[in-house]
Every structure is written in C-alpha cells, then in structure tokens.
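[1] no FASTA, just this:
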C-alpha cells in the first residue's frame with residue numbers, strides 16, 4: 001500500500017487512490033466475528049465507566065459538599081433572621097399599641113379635665129341655688145311677716161274704728 005503524498009496547493013491528492021482487490025482485507029477491520037470481543041469490551045467499559053465515575057465524583061464531590069454546607073449555613077442564618085424579624089415586628093406592634101394606649105391616656109386626661117370643669121360648674125350652680133333658696137326663704141318670711149303685720153294693723157284699725165264708732169248708751 002502506498003501512502004498518498006502531501007496534498008497539492010489546490011487541495012487535490014497527488015498520489016493515486018488505493019485500489020482494493022478481491023482478497024485484500026479492509027484496513028482497520030479484524031477477521032473475527034462481531035460478538036467475540038463484546039464481553040471483554042463490556043468488562044473494560046464497566047471498569048472505564050467506574051473509573052470515570054470515581055474521577056468525576058472525586059473532582060466534583062468536595063465542591064458539592066462545600067456547597068451543601070454553605071446552603072445549610074444559609075438556611076440556618078435565614079431561620080435566625082426570620083426569628084429576629086418576627087421579634088422586631090412584635091416590638092413594632094407593641095410600640096404601635098403603646099402609641100394607641102398613649103392616645104387613649106391623652107383622651108382620658110382631656111375628658112377628666114372636662115369632668116373637673118363640669119364638677120366645678122355644678123358646685124358653683126349648687127352654691128348659687130343654695131343662696132337663691134336662702135334669699136327666697138328670707139323674702140318669703142319677710143313677706144309673711146309684712147302680711148302678718150298688715151293683718152294685725154287692719155285688726156287694730158278695725159278695733160279702733162269699732163271703738164270709735166258711737167255706741168248707743170244702754171238704757172236701763
């Protein structure tokens with residue numbers, strides 16, 4: 001067999017092509033049956049697959065384990081952050097409720113001041129009504145006294161007129 005020469009500058013082979021004759025074997029093919037080397041090839045392929053798998057695992061496994069560890073740490077940190085966030089939210093709710101409570105206390109102070117003012121007004125009105133009642137009682141007593149004096153004056157005048165009226169003398 002002759003080997004073709006180097007290609008010419010135009011890309012065409014310089015030598016003649018090889019011609020196979022009827023008894024010649026095809027280059028690269030064996031005379032054996034196709035099933036004869038299959039079992040040996042499978043054993044070799046299993047070893048090769050196993051070695052390739054071990055190599056692949058040994059190459060990527062440490063990185064995967066580190067990634068797994070990092071993910072576990074991140075998950076734990078997220079849990080801690082969620083707990084902290086829930087605590088902060090509850091604190092904000094407490095602060096908000098405290099603001100509500102403060103507003104209620106402010107409103108209560110306002111209404112307490114109103115009640116105090118109403119009480120003062122009621123006491124002042126009570127004092128005024130008490131004074132008015134006393135004055136009305138004094139006026140009533142004065143009127144009754146004046147009425148009594150007038151009545152007594154009328155009786156005296158009536159008696160006086162009676163005495164002043166001429167009485168016929170008794171004839172005996």
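    Thanks, I have it. Keep in mind that this is a model prediction, so the values were computed, not measured.

[2] rest of the way, CA atoms for contacts and neighbours
    Will do.

[3] just the helices in this protein please.
    Assigned by DSSP state H, the helices in the chain fall at 38-164.

[4] Quick check: which ranges of it have low pLDDT?
    For the chain, applying pLDDT under 70 flags the ranges 1-42, 166-167, 172.

[5] Could you count how many residues lie near residue 66?
    11 (other CA atoms under 10 Å).

[6] so how far is residue 112 from it?
    To residue 112, residue 66 is 68 Å away according to CA to CA, to the nearest Å.

[7] Ok, residue 137 next?
    Counting by CA to CA, the gap from residue 137 to residue 112 is 37 Å.

[8] and residue 57, how many neighbours?
    Neighbourhood size, residue 57 [other CA under 10 Å]: 13.

[9] do residue 147 as well
    Look at residue 147: counted by other CA under 10 Å, it has 12 neighbours.

[10] That one and residue 171: what is the separation?
    Residue 147 is 42 Å from residue 171, by CA to CA.

[11] Over to residue 148?
    From residue 148 to residue 171 the distance is 40 Å (CA to CA).

[12] neighbour-wise, which of the two wins?
    residue 148 (12 against 4).

[13] quick one, what contacts that one?
    Contacts for residue 148 (CA atoms under 8 Å, 6 or more residues apart in numbering) come out as none.

[14] If you count neighbours, what's buried in stretch 132-141?
    Residues of stretch 132-141 include none that count as buried (16 or more other CA atoms under 10 Å).

[15] how distant is it from the center of its chain?
    A distance of 68 Å separates the centroid of the chain from that of stretch 132-141, by CA atoms, centre = their mean, to the nearest Å.

[16] Need the residues that contact it.
    Stretch 132-141 is contacted by no other residue when judged by CA under 8 Å, 6+ apart.

[17] Look at residue 46 and say how many residues are nearby.
    Residue 46, neighbours per other CA under 10 Å, totals 12.
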